[in-house]
Structure formats: C-alpha cells, structure tokens
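Colleague: for reference, the sequence and a predicted model appear below.
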Amino acid sequence: MDIPSLIDSLSYIGIFLALTLNGIFSFPSSQITYIICGVLISKGTLSFFPTVIAGTLGNAVGNLILFYLVYRFGPEVATKYFQIPMHSIMAFHKKVEHHGIWMLFVGKLTPSLKVVVPFVAGLARIKKSTAIILFTSTSLVWAAAFLSIGYFFGEHFSWQKYALIMAVIGVVVAFIFYKKILEAKTK
C-alpha cells in the first residue's frame, strides 16, 4: 500500500500510523508524507489542524519508543536493531554534552541528524518529560513546515521546487548550527 492509498483509506489514522513508523524506522519519509498531505489539504480532502495533530503525535510516539528503548537497554539497541553506527551516536552525544540540550532540538530539525536524536536523547538520559516536549515540539515544527510546502504548491508541486526549498532550509539550518558551535567554542 502506498502513502496516498493509506491516507485515502484510513485518513488521519493512516497519517498517525505512517508517521509513527517514520518516527521508529525513518520510513516512510516524513517529508514526502507531509507534502502529499499538504496537497490533499489544498484540494480539500484533509484539514490542516487534524493532519498536523495526527502527524505530530505519530512522529513523537515513534521517537519516544526509540528514546525509551535506548534509555532502558542502552545504545546497543540502536546499533543492533536499527543499524545506526555507534560512532554517529557517540559523536552527536559528545556535541550534546558539550553544547547542551538545544543541540537535540536543532538536530531533530536537521534531516541528516534527526534519525540519531532519539537514540542520543536516550543515551543522554534526559528527563522523560523533556523528551516528550522535545519530540512533540520538533515534530510539530516539521509537520507544519512540510504540510505548508505541499499546501502552498498544491497541484503545482514539483520535486525541483522541493529540492530548492530543502537546499535553502539546509543552508540556513547549517549556518545557524555552525554559528552556535563556533560561538560556544570562543566562550
């Protein structure tokens, strides 16, 4: 079953399930799922706020499952069952220890880092309430951003426009991220 069929047959429950799977396995792609949903919102098939809520809760639940697994059983869960290299987890964990928890927030909004954030948060043993706030807030920002892309481009959406937007977002996030790291090193 493909994403549009899942959403068509299960509506908001399908969105919740797809984004829960994304939160655990990084598949199906959250960006693609949200853009498809955004296009469906522009056509009137879905409503914006229920879609945001379903996607946000689904992704947060998936991330919390990963967080709790590592919190309870250690980082080996990530390497053994999810094929995440230990060096990736440890490198980002060191950044979090050095620069603070805000790195988890920024990392969760960075496509290449967002996969390891739940594992690092579990390894860092952040408070469970902080993890809930972290994953819910970043999932909300992610959902709203990509739903908006799908909505505003609607039927005129193209992968070339998407790539351009992602490149601009990536450059802005990377600039902010590295600027903060350089500021922290000079202090």
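Modeller: Structure's in. What do you need? None of these values were measured; they are calculated from a predicted model. Numbers count the residues shown, from 1 in each chain.

Colleague: make it CA atoms for all contacts and neighbour counts henceforth
Modeller: Will do.

Colleague: quick one: terminal-to-terminal distance for stretch 78-95?
Modeller: 18 Å (C-alpha to C-alpha, to the nearest Å).

Colleague: what residues sit buried inside it?
Modeller: Neighbour-count burial for stretch 78-95 flags 78, 84, 89-90, 92-93 (criterion: 16 or more other C-alpha atoms under 10 Å).

Colleague: list the residues that contact the residue nearest to Gly74 when sequence neighbours are not counted.
Modeller: Of all residues not flanking Gly74 in the chain, Leu123 sits nearest, at 6.6 Å (C-alpha to C-alpha, 6 or more residues apart in numbering). By C-alpha atoms under 8 Å, 6 or more residues apart in numbering, the contact list for Leu123 reads 70-71, 74-75, 93.

Colleague: mind checking which helix or strand of the protein has the lowest mean pLDDT?
Modeller: Least confident helix or strand, the chain: helix 159-186 with a mean of 70, by mean pLDDT, DSSP states H and E.

Colleague: show me what contacts Cys29?
Modeller: One thing to correct before we go on: residue 29 is Ser, not Cys. Ser29 sits in contact with Asn22, where contact means C-alpha under 8 Å, 6+ apart.

Colleague: quick one: it and Gly100, what's the gap?
Modeller: Using C-alpha to C-alpha, Ser29 is found at 28 Å from Gly100.

Colleague: I'd like the buried residues of stretch 78-95 as JSON lines, with pLDDT, secondary structure and distance to Ala144 appended.
Modeller: Shown next, in JSON lines, are the buried residues of stretch 78-95 (pLDDT from 0 to 100; DSSP: H, G, I helix; E, B strand; the rest coil; distance: C-alpha to C-alpha, whole Å):
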{"residue": "Ala78", "pLDDT": "87", "secondary structure": "helix", "distance to Ala144": "28"}
{"residue": "Ile84", "pLDDT": "86", "secondary structure": "coil", "distance to Ala144": "27"}
{"residue": "Ile89", "pLDDT": "88", "secondary structure": "helix", "distance to Ala144": "27"}
{"residue": "Met90", "pLDDT": "89", "secondary structure": "helix", "distance to Ala144": "30"}
{"residue": "Phe92", "pLDDT": "88", "secondary structure": "helix", "distance to Ala144": "26"}
{"residue": "His93", "pLDDT": "90", "secondary structure": "helix", "distance to Ala144": "27"}
